[in-house]
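S.K.: need a structure here:
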Amino acid sequence: MRGARANLLPGLVLQAAALGLVLGYYHSSRVHAALAALTEFREHSGIGFAIFTTGLFGGYLPFLYLHYGQKDASGRPRYDLAQGFWLVAFWGYKGVEVDIWYRLQTVMFGAGHDFRTIFCKCCTDQLGYSPIISVPITAAVYQLIDREGLIADFKRGGWFRRRVLPLLIANAGVWVPAVAIIYALPTPLQLPLQNIVLCFYTLIVAHQTLPHADDTVRGR
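M.R.: Presented below is the predicted three-dimensional model:
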């Protein structure tokens with residue numbers, strides 16, 4: 001909850017910017033033309049667009065911040081180059097996963113931006129995909145990247161409560177309003193918009209997956 005409160009203001013600013021982009025798409029000819037050009041480029045780029053952009057916004061840019069801006073007590077960066085590689089690789093894969101998920105949602109509920117369609121997509125996303133697949137896998141991967149001993153942590157018990165639940169709280173604060181905005185756009189533009197929000201969200205994930213003080217005392 002402390003993490004959620006700390007990120008409330010920047011999260012609201014980011015969501016307001018995303019909302020402004022969506023409103024611009026429907027009400028500004030210049031914004032619409034620019035995003036239409038992005039749509040065309042996105043469709044011609046294929047799956048490579050998803051891999052590159054999600055790896056960039058979810059992995060590489062946060063890695064630069066964590067590598068150069070976050071130091072431990074000894075002055076070493078939070079992530080070294082090997083960890084940065086795996087971070088980029090993971091989010092590159094996630095780009096493919098999320099792209100398939102958005103397209104699957106379009107098959108299930110249609111490509112409209114009416115209230116019913118957006119509501120159905122948001123519920124399926126936030127009550128199904130996120131708590132069952134996305135957030136637990138992300139929490140586990142970040143533990144592996146942080147070299148924290150995932151198997152040993154599982155054996156301690158209460159892993160979901162300690163590791164996944166805090167991320168679910170942060171996930172709800174960021175993504176519940178964000179996906180409602182994202183699903184208001186045509187399917188080809190949904191991944192680019194989610195990547196903008198993702199860059200902020202991955203920094204929350206990185207900070208919330210830091211070892212807690214009581215974990216350090218117990219020798220983790």
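S.K.: please go through the chain and pick out the longest helix.
M.R.: The helix spanning the most residues in the chain, taking DSSP state H as the definition, is helix 81-109.
S.K.: what's the mean pLDDT across it?
M.R.: Averaging pLDDT along helix 81-109 yields 94.
S.K.: same check on stretch 162-175?
M.R.: 83.
S.K.: quick revisit: buried stuff in the helix or strand just after the longest helix of the chain?
M.R.: Note on helix 81-109: by DSSP states H and E, the next helix or strand toward the C-terminus is helix 115-124. Using 16 or more other C-beta atoms under 10 Å as the test for burial, helix 115-124 gives 117-118, 121-122, 124. To be clear about C-beta, it is placed using only N, CA and C from the backbone, and glycine gets the same treatment.
S.K.: what mean pLDDT does the helix or strand harbouring Lys155 have?
M.R.: Using DSSP H and E, Lys155 falls within helix 150-156. Averaged across helix 150-156, the pLDDT comes to 83.
S.K.: show me which residues of it are buried.
M.R.: For helix 150-156, by 16+ other C-beta under 10 Å, it's 150, 153.
S.K.: and for stretch 24-37?
M.R.: 25, 31, 35.
S.K.: which stretches of this structure form helices?
M.R.: Counting by DSSP H, the helices of the chain are 2-6, 8-27, 29-45, 47-54, 61-69, 81-109, 115-124, 135-145, 150-156, 159, 165-182, 187-208, 213-217.
S.K.: among those helices, which is nearest Gly75?
M.R.: Across those, Gly75 has its closest neighbour in helix 61-69 (12.2 Å, C-beta to C-beta).
S.K.: that closest one to helix 81-109, inter-axis angle?
M.R.: Per axes from the mean of the first three to the mean of the last three C-alpha atoms, to 10 degrees, the angle that helix 61-69 makes with helix 81-109 is 150 degrees.
S.K.: run the chain-centre distance for helix 61-69.
M.R.: Averaging C-alpha positions (C-alpha atoms, centre = their mean, to the nearest Å) puts helix 61-69 16 Å from its chain's average.
S.K.: residues contacting Val164?
M.R.: By C-beta atoms under 8 Å, 6 or more residues apart in numbering, the contact list for Val164 reads 131, 135-136, 139.
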